[in-house]
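Sequence and computational prediction follow.
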Amino acid sequence: MAAGSRRAVRGVACAAIMLACAGMAGLWRTGLSETHRPVPARGAVDPLGSGLKPPIADPLATAPDAPATRITLGPGGRDIRLSGELTEGAAERLARLLDDHGAVERLHLTSEGGLVDEGTAIGALIAERGLVTYVPDYCVSACTLAFVRGRERWVLAEARLGFHAPYETGPFGVEVAADSAPERAAYLAAGLTADFVDAALAVRPDDLMIPDAETLVRAGVATGIVAADRFPDSTLDDGADPERARAAILRDVPLLDEIEAGAPGTVAAVAAWYLDGYRHGRSEADAFDGIRRRAADAITRSLGGAEPAVLADLGRRILRATERGHPGRGRLCAAAGEGVGAVLSRPWLDKADLAAARRIVSRGLALPPPERARPLPEGPARQSAGIMPPLGQGRGCSALRKAVSAALARPLPEAAQALQPLLFPAPPARSRPALEASAQPR
């Protein structure tokens with residue numbers, strides 16, 4: 001966290017998920033100025049546990065000055081979402097919003113740090129009002145001074161809290177060590193263990209200590225770990241607008257941009273649903289489950305009538321993705337019971353799979369819809385044609401591979417016919433009210 005001057009002190013955060021903090025620290029030491037701030041990744045934490053997504057923005061994006069901290073009332077008036085750098089006046093604005101909305105009980109924090117005075121003042125407000133704090137993504141540097149004052153303190157399993165020693169900005173912008181006694185006292189008073197505080201304040205100001213969630217709980221930093229269905233979605237806290245929603249969707253299901261080339265408006269429709277749910281308090285888990293189901297439906301509609309060679313290529317990609325050692329193999333095989341749309345809309349495809357899927361989808365959409373092969377009819381017509389029935393859930397990878405391999409062993413026209421019910425099974429007769437109705441804030 002930063003300490004000292006209100007004018008120049010800012011926190012820092014790990015911006016790119018694929019870069020180690022030490023590597024980023026090296027970048028910061030070699031020439032990033034006060035106005036060239038790393039921008040942390042923002043967006044969905046994958047509730048299925050496949051990891052964090054790459055950042056929407058360039059991780060070294062620049063800005064002439066820090067924008068005002070974004071502080072907004074959440075759906076139902078029971079929570080406040082705070083995001084961005086902690087700039088001057090943030091605590092005062094938060095106090096006014098709390099005064100105007102007495103039902104607020106929780107503060108969602110997504111911040112790369114900022115002015116330590118603001119972090120401390122926000123923490124004092126949190127303690128005074130008895131608020132619960134929650135980190136859905138990241139809370140770094142001065143932000144942690146606010147988080148630890150929560151009556152209860154919750155994190156997602158993949159959330160990142162970053163700690164480092166305090167510093168002041170001296171003449172010519174040089175960072176110099178600052179007295180860490182105030183931060184040490186604040187952390188200890190909040191119930192953090194002494195050994196954790198010692199380790200956190202021993203980290204150089206240009207580096208970060210980012211413990212895992214279990215360590216945060218053991219050290220008293222967090223009350224506990226929550227699943228992504230516990231609280232209203234915070235993935236758009238930095239701006240709930242169609243462009244950010246679109247970016248988050250394409251980050252989660254990148255193949256949709258290929259689908260949209262053949263079906264303009266596909267992503268916009270999903271983004272509208274996503275934004276509506278965010279504004280009404282749908283949980284992050286429900287939001288991204290719904291996004292992927294809608295993406296799967298769009299993929300199925302686009303490829304269901306593709307020519308035989310395209311269907312055969314899809315079958316071969318399924319086989320490759322279910323090989324032993326492939327990341328996400330088990331979950332991919334389970335999703336295959338819902339068809340190729342469910343497979344291609346999930347985040348476990350590696351780069352090679354995604355590139356191949358893009359090529360296949362592009363070929364599948366090359367012909368206008370009237371000229372594409374007609375999909376095989378549903379129901380009894382499939383069975384009378386002597387074609388294998390859908391696999392269904394729970395059959396496992398070996399059954400899936402056996403069925404797809406048997407289909408691909410036939411001559412091309414017959415192979416495509418045999419693959420149809422495997423790649424595009426009839427949807428089960430079930431109700432999904434949780435996905436269609438906006439969830440109430442919890």
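Nice, I can see it.

tell me the domain ranges of this protein?
Residue ranges of the domains in the chain are recorded as 21-226, 242-423, according to automatic domain parsing.

Export these to CSV and append columns for distance to residue 235.
C-beta: built from backbone N, CA, C; applies to glycine. Putting the domains of the chain into CSV (distance: least, Cβ to Cβ, whole Å) gives the following:
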stretch, distance to residue 235
domain 21-226, 5
domain 242-423, 6
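
Now render those as CSV, adding distance to residue 232 and mean pLDDT.
Formatted as CSV, these follow (distance: least, Cβ to Cβ, whole Å; pLDDT from 0 to 100):
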stretch, distance to residue 232, mean pLDDT
domain 21-226, 6, 80
domain 242-423, 4, 82
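
Quick one: list the elements packing against the helix or strand hosting residue 418.
Element membership for residue 418 (DSSP states H and E) is helix 412-423. Using 3 or more Cβ pairs under 8 Å, 6 or more residues apart in numbering; DSSP states H and E, the elements in contact with helix 412-423 are helix 308-321, helix 396-408.

Return the most buried member of the ones you listed.
With neighbours defined by mean count of other Cβ atoms under 10 Å, none of the helices and strands packed on helix 412-423 is more surrounded on average than helix 308-321, at a mean of 20.

and it, how far out from the chain's middle?
The chain centroid and the centroid of helix 308-321 are separated by 29 Å under Cα atoms, centre = their mean, to the nearest Å.

picking that back up, distance to residue 250 added to the helices and strands packed on helix 412-423, as JSON lines?
Listed next are these as JSON lines, based on distance: least, Cβ to Cβ, whole Å:
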{"stretch": "helix 308-321", "distance to residue 250": "20"}
{"stretch": "helix 396-408", "distance to residue 250": "28"}
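
Distance from the chain centre to stretch 65-84, please.
How far stretch 65-84 lies from its chain's middle: 18 Å, per Cα atoms, centre = their mean.

pull the CA atoms of it into PDB?
Taking Å, rounded to 0.1, in the frame of the first residue of the first chain, the C-alpha atoms of stretch 65-84 are listed here in PDB:
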ATOM      1  CA  ASP A  65      -4.500  11.300 -14.800                       C
ATOM      2  CA  ALA A  66      -6.400   8.900 -12.600                       C
ATOM      3  CA  PRO A  67     -10.200   9.200 -13.200                       C
ATOM      4  CA  ALA A  68     -12.400   9.600 -10.100                       C
ATOM      5  CA  THR A  69     -13.100   6.400  -8.200                       C
ATOM      6  CA  ARG A  70     -16.200   4.800  -9.500                       C
ATOM      7  CA  ILE A  71     -18.800   4.400  -6.700                       C
ATOM      8  CA  THR A  72     -22.300   3.200  -7.600                       C
ATOM      9  CA  LEU A  73     -25.300   1.800  -5.700                       C
ATOM     10  CA  GLY A  74     -26.000  -1.900  -6.500                       C
ATOM     11  CA  PRO A  75     -29.400  -3.400  -7.400                       C
ATOM     12  CA  GLY A  76     -31.900  -3.400  -4.600                       C
ATOM     13  CA  GLY A  77     -29.900  -0.800  -2.700                       C
ATOM     14  CA  ARG A  78     -28.200  -3.400  -0.500                       C
ATOM     15  CA  ASP A  79     -24.600  -3.000  -1.800                       C
ATOM     16  CA  ILE A  80     -22.300  -0.400  -3.200                       C
ATOM     17  CA  ARG A  81     -19.700  -1.200  -5.900                       C
ATOM     18  CA  LEU A  82     -16.400   0.700  -5.700                       C
ATOM     19  CA  SER A  83     -13.900   0.300  -8.500                       C
ATOM     20  CA  GLY A  84     -10.800   1.900  -9.800                       C
END
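
Show me the contact partners of that stretch.
Under the contact criterion Cβ atoms under 8 Å, 6 or more residues apart in numbering, stretch 65-84 has outside partners 10, 35, 37, 42, 85-87, 89-90, 93-94, 97-98, 101, 103-112, 114, 118, 122, 134, 231-232, 234, 237-239, 279-281, 440-441.

Buried ones in it, by neighbour count?
The neighbour-count check on stretch 65-84 (16 or more other Cβ atoms under 10 Å) flags 66, 69-71, 73-75, 78-84 as buried.

Out of those, the closest to residue 220 would be?
The closest of those to residue 220 turns out to be residue 82 (Cβ to Cβ; 22.3 Å).

got the buried residues for the strand or helix carrying residue 245?
Using DSSP H and E, residue 245 sits within helix 242-252. By 16+ other Cβ under 10 Å, the buried positions in helix 242-252 come out as 244-252.

for stretch 225-245, same thing?
Those would be 225-226, 228-229, 231-238, 240, 244-245, for stretch 225-245 by 16+ other Cβ under 10 Å.

Which ones among those residues map onto helices?
The helices, defined by DSSP state H, take in 244-245 from these.

any idea which of the buried residues of stretch 225-245 is least confident?
Of all the buried residues of stretch 225-245, residue 238 carries the smallest pLDDT score, 89.

give the contact list for residue 129.
98, 104.

ok, so what distance separates it from residue 230?
Separation of residue 129 from residue 230 (Cβ to Cβ, to the nearest Å): 21 Å.

Which strands border the helix or strand containing residue 107, and is each parallel or antiparallel?
Per DSSP H and E: residue 107 is located in strand 106-110. When pairing is defined by DSSP bridges, strand 106-110 lines up against strand 79-83 (parallel), strand 132-135 (parallel).

Can I get the ones you listed in a markdown table including distance to residue 218?
Shown next, in a markdown table, are these (distance: least, Cβ to Cβ, whole Å):
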| stretch | distance to residue 218 |
| --- | --- |
| strand 79-83 | 26 |
| strand 132-135 | 16 |
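
Spell out the residue ranges of the strands in this structure.
Counting by DSSP state E, the chain has strands at residues 70-73, 79-83, 106-110, 132-135, 138-140, 153-156, 160-162, 167-169, 175-177, 224-226.
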